[in-house]
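J.: Prediction below, plus the sequence it came from.
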Amino acid sequence: MAAVAGTAMAMSGAVTVLAAGGGAAARPEALTAPATEPTLQTIDLTPVTGSSVTGRSASAAGARAVAPRTTGRFSMVGVTWSDPHRKLDGVVEIRTRRAADGAWTGWQRLESDGASPAEPGSGDAEAARGSTDPLWVGESNGVQARIADAGRTRPLPAGLRMDLVNPGEPATPAPRTTPAAYALPAPAGRARADVTVPPRPAPAVVSRARWGANEKIVQGAPEYSTDVQVVFVHHTAGTNNYSCAQSAAIVRSIQAYHVKSNHWDDIGYNFLVDKCGTLFEGRAGGVTRPVLGAHTLGFNARSSAIAVLGNYSGTGVPARVKRVIAQVAAFKIGAYGNTPTGRVAMTSSGSDRYAKGSTAMLNRVSGHRDTGKTECPGNTLYAQLGSIRSIAGAAPSGLAVTKVNGATKVGTTYYTRGTIRPFWQVSTATTMLYRFDLLVDDVVTASAPRGDRERLLTLPSGRHTLRVRAVGLNGKTSITSATVVVDRTLPEFTSGPSVSLRTGSLNGIVPVRVRWGVTDAGGLGSLALTAPTPVKLATTTTTWAGSVKPEADTSYGLRATDRAGNARSVAVQRTASVTAETAGERTGTWSTVTGTAYLGGQALRSTAAASSLSWTFTGRSAALAVSRTAVSGRVQVFVDDAPAGIIDLRSPETLHRRAVWTRAWPDSTQHTVRIVVEGTAGRPGVITDGLVYLR
């Protein structure tokens with residue numbers, strides 16, 4: 001191949017001249033640009049002579065070759081030419097010398113898509129050059145190129161040159177950062193005036209400042225489309241043999257190549273993503289805005305592009321990269337009310353597949369090859385676009401309310417006093433979500449950012465339908481519902497607690513019974529006796545039987561709690577007193593019996609019919625204390641001189657200190673209880689041990 005002229009220029013404008021021939025190292029002049037500045041070296045490929053060959057590989061015999069050349073350090077290489085509308089006939093391959101060990105790589109092909117994708121009439125198109133895709137080769141200091149004719153009949157394009165880019169080093173590292181989000185209009189439908197909708201979150205990206213974009217070389221102000229109707233997926237071709245720590249340098253190199261080699265205003269892609277799933281901000285102008293790029297010939301307007309670093313003709317992108325592409329598609333397309341799974345008619349501004357003014361029906365997530373004659377984004381990645389569309393266009397899934405703090409769930413209904421904190425879950429990745437809306441009776445009452453899974457709400461009294469609506473980045477929604485009853489009314493005790501005596505043992509205790517009535521419109525949640533001893537009761541219970549100590553002031557308390565948590569407590573205090581048999585007024589014949597089996601150590605016994613014993617007291621309830629045996633007789637009972645029944649004291653087993661007949665009154669008033677011995681045939685004897693009354 002003929003001798004080739006070479007130049008190298010720093011992005012700051014300094015120029016270094018390299019040797020014009022052979023493989024010997026040439027001594028470049030010192031670059032004046034700082035070490036952090038990207039640099040560009042160019043090698044003129046125009047004066048090419050030699051025999052023409054055919055075939056698809058530059059390795060064919062007779063391929064035109066540039067001798068190995070020692071250069072300044074570079075990490076990316078491409079070939080450009082003057083006419084941006086001219087397609088390069090032939091195949092260009094390069095090999096490079098690694099700076100680390102001086103070893104030469106094998107030959108690698110530079111992919112060429114044909115005409116420049118710069119949008120006609122845009123700043124990118126004013127001085128654009130034709131170009132191959134750039135190839136990342138890692139830090140190198142030597143290069144060789146060769147070109148095969150591939151059946152071309154025209155001469156090589158004018159201005160043909162090899163461009164070598166050194167990305168430089170940014171002032172700071174490039175960690176993942178999150179850009180400022182921007183707000184969309186409030187959710188559709190009714191919403192309370194005080195509801196603030198969270199800003200629509202943008203994908204987490206490495207900003208231009210963080211990956212080290214050289215803003216000094218950007219040629220003009222960003223240009224914008226009206227909206228984004230399609231997201232085009234590209235690959236940068238080249239190699240997948242890079243570490244993700246090198247990704248920022250690759251992006252810097254692509255920017256330098258697009259500006260200094262292609263003569264575009266800025267990097268052509270709107271977004272770039274590496275094989276590890278790290279997303280980079282591409283062209284300046286704002287990730288939330290419809291920035292006009294230079295990426296897809298004929299269809300840059302009303303579209304956005306994401307390029308995957310590497311070659312995916314035979315290798316698919318990892319799942320994490322698919323998710324990032326889907327997130328970008330959902331974010332950009334969903335911002336304008338469209339779903340990424342749809343299709344749209346787009347008018348071409350002129351490409352090698354669609355003539356200017358023609359209409360293309362495109363998937364909203366399309367590959368570069370859908371609009372141009374190119375292999376991009378590679379066969380394997382192109383085959384993955386269907387699943388990427390599905391991820392990007394899916395509605396939030398797995399949405400469910402998991403619990404509601406401040407409320408009690410009964411069946412499928414939550415009961416509360418008004419302030420609740422619902423919690424929810426969703427299986428869709430948070431990165432694919434926009435926000436959560438909480439609707440009460442179809443009115444948006446609160447709105448939460450996509451990372452939240454709970455919200456505090458205060459609801460008015462009554463029955464409500466609570467809905468949690470998950471809104472995806474793509475605008476699709478999912479809804480889960482729950483019924484909430486707000487009850488601020490306390491349970492009502494309609495009666496009681498009333499305490500009365502009951503039959504049973506008087507051996508150091510007094511048997512009592514507590515009665516009550518309680519109701520609640522929303523339903524009771526729990527009921528408990530709080531005194532004289534704590535007892536958890538069924539909500540339908542209306543009585544409790546127990547025992548208390550005699551002569552002790554005893555409290556009887558109840559607490560009713562409804563399903564919403566409203567509670568009411570009531571209590572009364574009563575004293576059970578024992579009046580000895582000797583305190584009563586007697587008629588007829590009675591004898592005293594003694595023994596530890598009797599209250600106070602003694603009792604009265606009578607076998608004479610019509611003998612009587614009466615007690616006058618002030619109280620709410622009374623019970624007769626007796627002994628029962630197999631030969632005990634019967635007594636007649638009178639209350640305030642009115643007959644109150646006949647009590648048979650016979651028992652198959654001997655029972656002392658027993659409360660038998662009882663009576664209760666609604667208020668504490670004075671009463672007289674009198675018993676009369678019946679003189680029952682064959683068993684006339686009765687033993688009375690006194691009277692118990694409740695005051």
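T.: Perfect, I can see it now.

J.: Dig out what Gly557 forms beta bridges with.
T.: Ala531, Ala571 (DSSP bridges).

J.: Ok, the one 10 residues further on next?
T.: On the basis of DSSP bridges, Ala567 is bridged to Thr561.

J.: okay but it is in contact with Arg559, surely?
T.: Yes. Counting by Cβ atoms under 8 Å, Ala567 touches Arg559, with 6.0 Å between them. For every residue, glycine as well, the C-beta is placed using N, CA and C.

J.: the more surrounded of the two?
T.: Taking other Cβ atoms under 10 Å, Ala567 and Arg559 do not tie; Arg559 has more neighbours (19 against 14).

J.: Near the residue lying closest to the more buried one once chain neighbours are set aside, how many other residues are there?
T.: With Cβ to Cβ, 6 or more residues apart in numbering as the criterion, Arg559 has its nearest non-adjacent residue at 4.5 Å, and that residue is Ser569. Neighbours of Ser569 under the rule other Cβ under 10 Å: 14.

J.: Could you list which residues are in contact with Ser569?
T.: By Cβ atoms under 8 Å, 6 or more residues apart in numbering, Ser569 lies in contact with 530, 557-560.

J.: Now distance to Ile325 and pLDDT too, for the residues you listed, in a markdown table please.
T.: Output for these, formatted as a markdown table (distance: Cβ to Cβ, whole Å; pLDDT from 0 to 100):
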| residue | distance to Ile325 | pLDDT |
| --- | --- | --- |
| Thr530 | 64 | 97 |
| Gly557 | 67 | 97 |
| Leu558 | 65 | 98 |
| Arg559 | 60 | 98 |
| Ala560 | 59 | 98 |
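
J.: any idea of the mean pLDDT in stretch 250-264?
T.: Averaged across stretch 250-264, the pLDDT comes to 95.

J.: I'd like the distance from it to the chain centre, please.
T.: 39 Å (Cα atoms, centre = their mean, to the nearest Å).

J.: what do you get for stretch 66-80?
T.: The answer for stretch 66-80 is 49 Å, by Cα atoms, centre = their mean.

J.: Can you list the buried residues in the host helix or strand of Arg663?
T.: Here Arg663, judged by DSSP states H and E, is contained in strand 655-677. Neighbour-count burial for strand 655-677, counted by 16 or more other Cβ atoms under 10 Å, picks out 655-664, 671, 673-677.

J.: likewise stretch 504-516?
T.: For stretch 504-516, using 16+ other Cβ under 10 Å, the buried residues are 504, 506, 510-514, 516.

J.: Go ahead and measure how far stretch 95-110 is from the middle of the chain.
T.: So, by Cα atoms, centre = their mean, the centroid of stretch 95-110 is 48 Å from its chain's centroid.

J.: How about stretch 273-289?
T.: Centre-to-centre, stretch 273-289 and its host chain are 24 Å apart (Cα atoms, centre = their mean).

J.: Let me see the mean pLDDT of that stretch.
T.: 97.

J.: and if you look at stretch 630-641?
T.: For stretch 630-641, the mean pLDDT works out to 96.

J.: what does that stretch contact?
T.: So stretch 630-641 is in contact with 607, 624, 626, 643-654, 661, 663, 671-680, 683-688, going by Cβ under 8 Å, 6+ apart.

J.: So for it, first residue to last residue, what's the gap.
T.: End-to-end distance of stretch 630-641: 29 Å, with Cα to Cα, to the nearest Å as the criterion.

J.: Could you tell me how far that stretch lies from the centre of the chain?
T.: Stretch 630-641 has its C-alpha centroid displaced from the chain centroid by 77 Å (Cα atoms, centre = their mean).

J.: cool, stretch 412-422 as well?
T.: 21 Å.

J.: Identify each buried residue in that stretch, please.
T.: Of the residues in stretch 412-422, 413-418, 420, 422 count as buried by neighbour count, 16+ other Cβ under 10 Å.

J.: contacting residues around Arg161?
T.: Here Arg161 is in contact with 42-46, 79-81 (Cβ under 8 Å, 6+ apart).

J.: so of those, which ones are in helices?
T.: Judged by DSSP state H, helices contain none of these.

J.: JSON lines for these, including neighbour count, distance to Phe280 and pLDDT?
T.: Below are the contacts of Arg161 laid out as JSON lines (neighbours: other Cβ atoms under 10 Å; distance: Cβ to Cβ, whole Å; pLDDT from 0 to 100):
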{"residue": "Thr42", "neighbour count": "18", "distance to Phe280": "26", "pLDDT": "94"}
{"residue": "Ile43", "neighbour count": "23", "distance to Phe280": "29", "pLDDT": "93"}
{"residue": "Asp44", "neighbour count": "17", "distance to Phe280": "32", "pLDDT": "89"}
{"residue": "Leu45", "neighbour count": "24", "distance to Phe280": "31", "pLDDT": "85"}
{"residue": "Thr46", "neighbour count": "16", "distance to Phe280": "34", "pLDDT": "75"}
{"residue": "Val79", "neighbour count": "25", "distance to Phe280": "24", "pLDDT": "94"}
{"residue": "Thr80", "neighbour count": "26", "distance to Phe280": "23", "pLDDT": "94"}
{"residue": "Trp81", "neighbour count": "20", "distance to Phe280": "28", "pLDDT": "92"}
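
J.: Fine by me, thanks again.
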